[in-house]
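Q: What shape does this take:
(chains A and B)
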There are 2 protein chains.
Amino acid sequence: MKIVEMRVTPVAMADPPLLSSYGLHAPYALRTVVELVSDDGITGAAETHGGERILEQFERARERVIGRDPYDLAHLHHELDAMFGASAPLPATASGTTLPQQTLALPGESASDIALRIFGALEVAALDLIGKATGRPVCDLLGGRIRDAVPFSAYLFYKRAGGGGAGSDARADAWGEVMTPEAVVAEARQMIDTYGFGSIKLKGGVLPPDEEIAAMEALHDALGPSVPLRIDPNCAWTVDTSVRVGRKLAGTLEYLEDPTAGLAGMTAVRQALLGFGIETPLASNNAVTAFADIPPVVRGDSAQVILADHHYWGGLRAATHLGQLCQAFGLGLSMHSNSHLGLSLLAMVHFAAATPHLTYASDTHYPWQDATDEILEGGRVTFVDGSVPVPAAPGLGAELDRDALARGRERYEACGYRSRDDEAEMRRHVDPNWRRTLPRW
Amino acid sequence: MKIVEMRVTPVAMADPPLLSSYGLHAPYALRTVVELVSDDGITGAAETHGGERILEQFERARERVIGRDPYDLAHLHHELDAMFGASAPLPATASGTTLPQQTLALPGESASDIALRIFGALEVAALDLIGKATGRPVCDLLGGRIRDAVPFSAYLFYKRAGGGGAGSDARADAWGEVMTPEAVVAEARQMIDTYGFGSIKLKGGVLPPDEEIAAMEALHDALGPSVPLRIDPNCAWTVDTSVRVGRKLAGTLEYLEDPTAGLAGMTAVRQALLGFGIETPLASNNAVTAFADIPPVVRGDSAQVILADHHYWGGLRAATHLGQLCQAFGLGLSMHSNSHLGLSLLAMVHFAAATPHLTYASDTHYPWQDATDEILEGGRVTFVDGSVPVPAAPGLGAELDRDALARGRERYEACGYRSRDDEAEMRRHVDPNWRRTLPRW
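A: As a prediction, the model looks like this:
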């Protein structure tokens, strides 16, 4: 079997004005769909990060893909490592801050992740292709499913009013403005009612910490102690603030995610909390984005829960390796998410299905996307009681809707966005002088 | 696809009178061949440890295997864990020594390894079956081959005269007695001439350390500095002796394998050698036999090279996880071996083919086995320049020779051995009072 064609399609999807320490989500989020077509006419597909830079990277990789056996992934990985380098310098950022490099870039969007990200997408597409060629779901290619449904967490955001999109493509805002504890609770209830989620994460780092503490306490009071809660300020806090929040929310939080930047800071937060007898685990996908980060995490006890993401850890098999590694070291495991469509969600589901040591419900931005933008035949992936049933169909378990994909591409062409820059968006819509300052509080 | 039949065949093969700190190899080594037959008539096979106990364990597992989809390995693993327990107490040993448990049992033959060992064999057989059903070599099911040939190391032993087998089944002794440095060098030359190996391991722990040092120095002098050398006394030495040997052989050894028992002892050896400026890595398959051993290894710097063995680490996928883990932690990776036939060798080859981070030529006992006993169609697996070419044929790349398998079973029935007990064999043939005493020197 040979790959005879690689199709790379940029798509844009409406994205609501969600807030984080990075700034403000633009009206459109960008994704890329990669398709590999075999000489016997079977197509496998995967979804990954979007924007013009990754399109260029896929073009550079093209010569390594065409003519290759889709099972020949080890060589592909090796060749992409050689092509893109494993430790390319990071590009300068607009804000010119001098923070540690790892805290600057969005996870999976640093230059050092290029090879892993390109490989990860091609691997998923190849596994989808292999699954379709052999009639097996992708999780079976990873060792078989240990669970038939994969639990996700509600992913709450502070947000401005608005539902994403722009102009004639604007979407109705199903959520409204969310800037108060009461609105956060309402958002949680709405998301639980719609999807059945059994645990809750709030994207913090947006309001002063006391306001976010109040939101978490309001969630705890409203939903009761049986609903696990998490907060993720994406490094917006100092060590002292992180400890103060950790103490205030002791007993309320299932885990505390990336409260402060860098492994040393995380270690300091952990030690201080333990000193107060607080064992709330720290989770990370900011300080921990690659296998090279794990040894210092272990040495420093910097994080107790790793948020895996096959999109930038190097694909689904790499993610299963991470699962075994976390099990060996007694680290918890959950999944990180970016804004994504159903094809990424299904890949996450197959990873989770094949990974015994998945110890928490995983993140997903999926509820924030709109059915209009889904690119899968049959439309949106369905949640049942907060979980996604693991597909039994071959490959990832879905086919691309060609018309929807074409509309996604048209939306990409028309929307004007070519990279994600939440800081610029914040300047445009909220405060012309806004900068991502870490730590802010 | 469903598994409709599981065939478990014990076999025995002639084994020369090889010496180690465990004692003396019996005239026969025992192995088990497991075959899984699918409802569409395809058969997958694997080879693992032998003896009557593992036969009983396969029988206990049978109900979990029949009717199962061969891709459904995650559930199988889980169910075998539940059936056999992950931490069953070890049986009392004949010698009644009070050494740490981990140093008593042969690697992969402790009670705590049962589930991993049974699963590992069934996983390999299932992958062989899947490979044959899909027309792909097993390495492709693990992510594809990163190398087309897998290098092995010559595995030298001290030995008594004799070629294995007994009575009318006795084999010609191609090697003679090997108890002196000169004989070790001759054994090395013979093995290099026959197989083309480019590196050398001596199973030590047999003679007083100065004699084994002399043998290593003789190998170094005879073969030159371009041939990497290793010695593995299987925990026969005290920390002080290990350090003394490490100092004497500094610059001669590629790595020093399991010089002393237990992780604390290994750490002490490592620290002392580093104190003398000697960076010879320590390798282990005695102190390190499972993922649970890795965190203390990392914390204590107890070993710098891990010897993987899919037979007791839980199969081929688990071994690939170990590869990624070793890469993340900067640990070297090689492969451990027991006495084995070609089916085990091929599984080792497929693991190695799919594992980028295999940093050393691997162990194999294969040269000590006799072509008469091979159970593969076409006979023995061929080495080219010390390496085994990775098969391109589906599955493991071989079919069982039914007649040879039946002869192996007859040999098992007739030989009288039902478990491996090198200590008893030593008492029978060498010294009626011999005991495995660790440390001996």
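Q: what does the stretch 301-441 of chain A have sitting close to chain B?
A: Contact residues, the stretch 301-441 of chain A versus chain B (Cβ under 8 Å from any Cβ of the partner chain): A:317-318, A:320-325, A:327-330, A:354, A:356. Every C-beta, even on glycine, is put in place using the N, C-alpha and C of the backbone.
Q: ok, those residues vs B:Ile42, which is closest?
A: When these are ranked by distance to B:Ile42 (Cβ to Cβ), A:Ala354 comes first, at 22.7 Å.
Q: so what pLDDT did the closest residue to that closest one other than its chain neighbours get?
A: Among residues not flanking A:Ala354 along the chain, A:Leu142 sits closest, at 3.7 Å (Cβ to Cβ, 6 or more residues apart in numbering or on different chains). Listed pLDDT for A:Leu142 reads 98.
Q: same deal with A:Gly96?
A: Per-residue pLDDT puts A:Gly96 at 32.
Q: Also A:Glu123?
A: 98.
Q: need the contact list for it.
A: By Cβ atoms under 8 Å, 6 or more residues apart in numbering or on different chains, A:Glu123 lies in contact with A:Ala46, A:Leu73, A:Leu76, A:His77, A:Gly314, A:Gly315, A:Leu316, A:Arg317.
Q: Just give me the closest of these to chain B.
A: Distance to chain B, by Cβ to the nearest Cβ, is smallest for A:Leu73 among these, at 4.4 Å.
Q: one step back: rebuild the residues of the stretch 301-441 of chain A next to chain B as JSON lines, extending it with neighbour count.
A: Listed next are those as JSON lines, based on neighbours: other Cβ atoms under 10 Å in any protein chain shown:
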{"residue": "A:Arg317", "neighbour count": "29"}
{"residue": "A:Ala318", "neighbour count": "23"}
{"residue": "A:Thr320", "neighbour count": "24"}
{"residue": "A:His321", "neighbour count": "25"}
{"residue": "A:Leu322", "neighbour count": "29"}
{"residue": "A:Gly323", "neighbour count": "24"}
{"residue": "A:Gln324", "neighbour count": "22"}
{"residue": "A:Leu325", "neighbour count": "24"}
{"residue": "A:Gln327", "neighbour count": "19"}
{"residue": "A:Ala328", "neighbour count": "20"}
{"residue": "A:Phe329", "neighbour count": "20"}
{"residue": "A:Gly330", "neighbour count": "10"}
{"residue": "A:Ala354", "neighbour count": "28"}
{"residue": "A:Pro356", "neighbour count": "18"}
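Q: can you tell me which residues contact the nearest residue to A:Ala250 once chain neighbours are set aside?
A: Leaving out its chain neighbours, the residue that sits closest to A:Ala250 by Cβ to Cβ, 6+ apart is A:Ile278, at 4.5 Å. The neighbours of A:Ile278, taking Cβ under 8 Å, 6+ apart as the test, are A:Gly246, A:Arg247, A:Ala250.
Q: which stretch of helix or strand covers the first one?
A: When secondary structure is defined using DSSP states H and E, the element that contains A:Gly246 is helix A:239-248.
Q: And the last one, by the same measure?
A: Under DSSP H and E, no helix or strand contains A:Ala250.
Q: That one: neighbour count?
A: Applying other Cβ atoms under 10 Å in any protein chain shown, we find 15 residues neighbouring A:Ala250.
Q: from memory it sits against A:Thr280, does it?
A: Yes - counting by Cβ atoms under 8 Å, A:Ala250 does reach A:Thr280; the two are 6.2 Å apart.
Q: Between these two, which contacts overlap?
A: A:Leu273.
Q: Okay, the closest residue to A:Glu177 other than its chain neighbours and A:Glu212: tell me how far apart.
A: Spatially, and ignoring its direct neighbours in sequence, A:Glu177 is nearest to A:Ala161 (4.2 Å; Cβ to Cβ, 6+ apart). Distance of A:Ala161 to A:Glu212, given as Cβ to Cβ, to the nearest Å: 20 Å.
Q: If you count surrounding residues, which of the two has more?
A: Neighbour count, other Cβ under 10 Å: between A:Ala161 and A:Glu212, A:Glu212 has more, with 25 against 12.
Q: Return the residues of the stretch 51-200 of chain A in contact with chain B.
A: Residues of the stretch 51-200 of chain A lying close to chain B (Cβ under 8 Å from any Cβ) are A:69, A:71-78, A:134, A:136, A:140-141, A:143-146.
Q: what are the ranges of the strands in chain A?
A: According to DSSP state E, chain A carries its strands in the segments A:3-14, A:19-20, A:23-24, A:28-38, A:43-49, A:149-151, A:154-157, A:200-203, A:229-232, A:253-257, A:282-284, A:305-308, A:332-335, A:387-389.
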